[in-house]
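Asker: Pasting a predicted model and its sequence here:
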Amino acid sequence: MTDWKTQQMIDASGWPLETAHLQPGADFNARLDGGLVPLHWACVMGKAGVLNHLLAHGARIQDTTADGQDMLTLAAKSQDFQTVMRVIDALKSTGAPPPTSGLKDQLTHTFKTSHTNARNRLQQTLKDWERLHKARPRQTAPGPADAGAGGAALAPGQPAGVG
């Protein structure tokens, strides 16, 4: 977006504080006056355009609220399909684990009366996220196969069995 379009979007969003808090370079995960956090506000209010802007300019989607709620939980509360899908896409791109079965059920229930295409897209996106997460290689600590005799790490250039 061009600067004037971004400013128009921010002005029209209903953001309750100074718009400088939503400008590029601001910390979108910082707690502001009264505990308001720009990223959290965009998710819970269903402000997909503002959310896109914040994510494009460095907001951390894996943030949580003071009481431990993640951004997908907040987006689900907004009942805004575009916001929920944008949060899911952002989380998937970071390799975050898929939502719990309880949150999946909440999302399904929230959008059960939506257009068939929206319901199907949500269900397929959640299934894809689960599949991608299961297929992702797990980071594990080096095991005996990665070490020399007796499990000790080898020095560079040291052949196995020489100590």
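Answerer: Nice, thanks for sending it over.
Asker: doesn't residue 51 make contact with residue 86?
Answerer: Yes: the criterion here is Cβ atoms under 8 Å, and residue 86 meets it with residue 51 at 5.5 Å. Yep, even glycine has a C-beta here, placed from its N, CA and C like the rest.
Asker: Give me the more crowded residue out of the two.
Answerer: Set residue 86 next to residue 51 and count neighbours by other Cβ atoms under 10 Å: residue 51 wins out with 28 against 21.
Asker: Can you say which helix or strand has the more buried one in it?
Answerer: Secondary structure assignment for residue 51, by DSSP states H and E: helix 48-56.
Asker: any residues touching that helix, and which ones?
Answerer: By Cβ atoms under 8 Å, 6 or more residues apart in numbering, the surrounding residues in contact with helix 48-56 are 1, 6, 9-10, 13, 15, 22, 28, 38-39, 42-43, 61, 80, 82-83, 86-87, 90.
Asker: And the next helix or strand past it?
Answerer: As assigned by DSSP H and E, the chain's next helix or strand after helix 48-56 is helix 71-78.
Asker: Helices along the protein, start to end?
Answerer: 3-13, 38-45, 48-56, 71-78, 81-94, 101-110, 116-135 (DSSP state H).
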